[in-house]
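K.L.:
build me a model:
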Amino acid sequence: MKRLFTHLLPVLLTWAAPALAQDAPQMQLPRITLQAGMHLIQAQVASTPQERSVGLMFRREMPTNEGMLFIFEQPSEQCFWMKNTLLPLTAAFVADDGTIVNLVDMKPQSLDSHCSTKPVRYVLEMHKGWFDKRALKAGTKLSGPPFPR
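P.N.:
Here you go, the predicted model:
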């Protein structure tokens, strides 16, 4: 058994290393189109614990109407911080029906915690000010694949 482990260890370490040492943006997540009023959003979807923990970290740029939708297994108070996140962002905390519960502006590289005011299952991160420029606020309803019509 020890011999087998000795031969497998380098293979296991090579396989596990990328998951343990994330220092590059994740660009290959699935994408969906969301709608906020007349505005379209191209959102990458972070639905696993690993994808959610990396989020938009290490991104140096992002198209204007692109963001990231974080999907959690069940509604709860969601809190985000900006460690290793280089872009200023606004987080929209979103209820199961697509209604924005609250919006929070977040500074790059900050360890400050930004939380939902109610239990939510979705968080949409966009460029800071994206929602303000389009007069979208708490109570606005998003539509798209995760939200019922």
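
K.L.:
what ranges do the helices span in the protein?
P.N.:
Counting by DSSP state H, the segments of the chain that form helices are 2-20, 49-54, 130-133.

K.L.:
list the beta-bridge partners for the residue lying closest to Arg149 once chain neighbours are set aside.
P.N.:
With CB to CB, 6 or more residues apart in numbering as the criterion, Arg149 has its nearest non-adjacent residue at 6.8 Å, and that residue is Ser143. The C-beta positions use only the backbone N, C-alpha and C, and glycine is treated the same way. Here Ser143 sits in beta bridges with Gln35, going by DSSP bridges.

K.L.:
isn't Ser143 up against Leu34?
P.N.:
Yes: counting by CB atoms under 8 Å, a contact exists between Ser143 and Leu34, whose distance comes to 6.9 Å.

K.L.:
so for those two, which residue has more residues nearby?
P.N.:
When neighbours are counted by other CB atoms under 10 Å, Leu34 comes out ahead of the other of Ser143 and Leu34, with 22 against 15.

K.L.:
please name the nearest non-neighbouring residue to that one.
P.N.:
Sequence neighbours aside, Gly144 is the residue nearest to Leu34 in space, at 3.7 Å (criterion: CB to CB, 6+ apart).

K.L.:
hang on, isn't that neighbour packed against Gln35?
P.N.:
Yes: counting by CB under 8 Å, a contact exists between Gly144 and Gln35, whose distance comes to 6.0 Å.
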